[in-house]
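S.K.: only geometry, no sequence info:
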């Protein structure tokens, strides 16, 4: 598979995501925030070259609830979750998938520690300023965003850990299958192939598996 060939599931989810964002207010809400803070990362998610973390999809569904009602958005959530899970699984099976997941998980662990430390610092600073002054307002605003960053980092750590465990389990299962014709194992990615080694990063990992590691598709900075 070349860098230009995306898994079918990724394409299906990208089309769904494009349809979803077409039904919400693009000038307000989370979509507007993602577009303003990381337009390239958002575009990669809409193109299918990156799979957004589930918390990003949940935020877009929150925007949909504001536009079309909570009941409608609730029904869409189940469909979105199924498509997202399938797309993420297919994306993770690309060459370099396990290595990219490991790198992103390590990034999220650092993000979580940074956000936690910054939140504690902001709370200490808030305790030393007048309660209703402009500085308290500024610090409170930053604290709210820092707590959002921390919550997203925690959610992404859990998601990435689960995805990495699934890829590794699939690799173990594949290595236990019988060899292909003439005693040779099937190539990675083919039925019976070994796929990426758990935790390893092949020499020629595609950009699709490693791009936007610090974007709204890959970090807590949303």
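M.R.: Okay, I see it. None of these values were measured; they are calculated from a predicted model.

S.K.: going forward, measure contacts between C-alpha atoms and count neighbours the same way
M.R.: Noted.

S.K.: wouldn't residue 14 be in contact with residue 43 here?
M.R.: No: the pair residue 14 / residue 43 is not scored as a contact, 10.1 Å apart, by CA atoms under 8 Å.

S.K.: which residues are common contacts for those two?
M.R.: Common contacts of residue 14 and residue 43, defined by CA atoms under 8 Å, 6 or more residues apart in numbering, are absent altogether.

S.K.: These two: which has the busier surroundings?
M.R.: residue 14 (24 against 15; other CA atoms under 10 Å).

S.K.: what's near enough to touch the more buried one?
M.R.: Taking CA under 8 Å, 6+ apart, we find residue 14 in contact with 45-48.

S.K.: what's the burial count for residue 12?
M.R.: Neighbour tally, residue 12, other CA under 10 Å: 15.

S.K.: Okay, and it sits in which element?
M.R.: Element membership of residue 12, judged by DSSP states H and E, is helix 8-22.

S.K.: what mean pLDDT does that helix have?
M.R.: Mean pLDDT, helix 8-22: 96.

S.K.: Also stretch 110-129?
M.R.: What stretch 110-129 shows for mean pLDDT is 97.

S.K.: Report the distance from it to the chain centre.
M.R.: 24 Å (CA atoms, centre = their mean, to the nearest Å).

S.K.: Same question for that stretch: list its buried residues.
M.R.: Buried positions in stretch 110-129, judged by neighbour count with 16 or more other CA atoms under 10 Å: 111-112, 115-116, 118-119, 122, 126.

S.K.: Need the residues that contact that stretch.
M.R.: For stretch 110-129, contacts defined as CA under 8 Å, 6+ apart pick out 135-136, 139-140, 142-143, 146-147, 149-150, 153-154, 219-220.

S.K.: Residue 115 versus residue 42, what's the distance?
M.R.: To residue 115, residue 42 is 22 Å away according to CA to CA, to the nearest Å.

S.K.: now residue 35
M.R.: Distance from residue 35 to residue 115, by CA to CA: 22 Å.

S.K.: coming back round to it: quick one: name whatever helix or strand follows the helix holding residue 12.
M.R.: Per DSSP H and E, the helix or strand that comes after helix 8-22 is helix 29-37.

S.K.: Let me know the angle separating that following helix from helix 8-22.
M.R.: Orientation of helix 29-37 against helix 8-22 (axes from the mean of the first three to the mean of the last three CA atoms, to 10 degrees) gives an angle of 110 degrees.

S.K.: What helices and strands are in contact with helix 29-37?
M.R.: Under the contact criterion of 3 or more CA pairs under 8 Å, 6 or more residues apart in numbering; DSSP states H and E, helix 29-37 touches helix 54-68.

S.K.: now the helix it packs on, how far from the chain's geometric center?
M.R.: For helix 54-68 - counting by CA atoms, centre = their mean - the centre lies 15 Å from the chain centre.

S.K.: now swap in stretch 30-38 and tell me
M.R.: With CA atoms, centre = their mean as the basis, stretch 30-38 stands 15 Å off its chain's centre.

S.K.: mean confidence for it?
M.R.: The model assigns stretch 30-38 a mean pLDDT of 93.

S.K.: Stretch 87-101 too?
M.R.: Averaged over stretch 87-101, pLDDT sits at 95.
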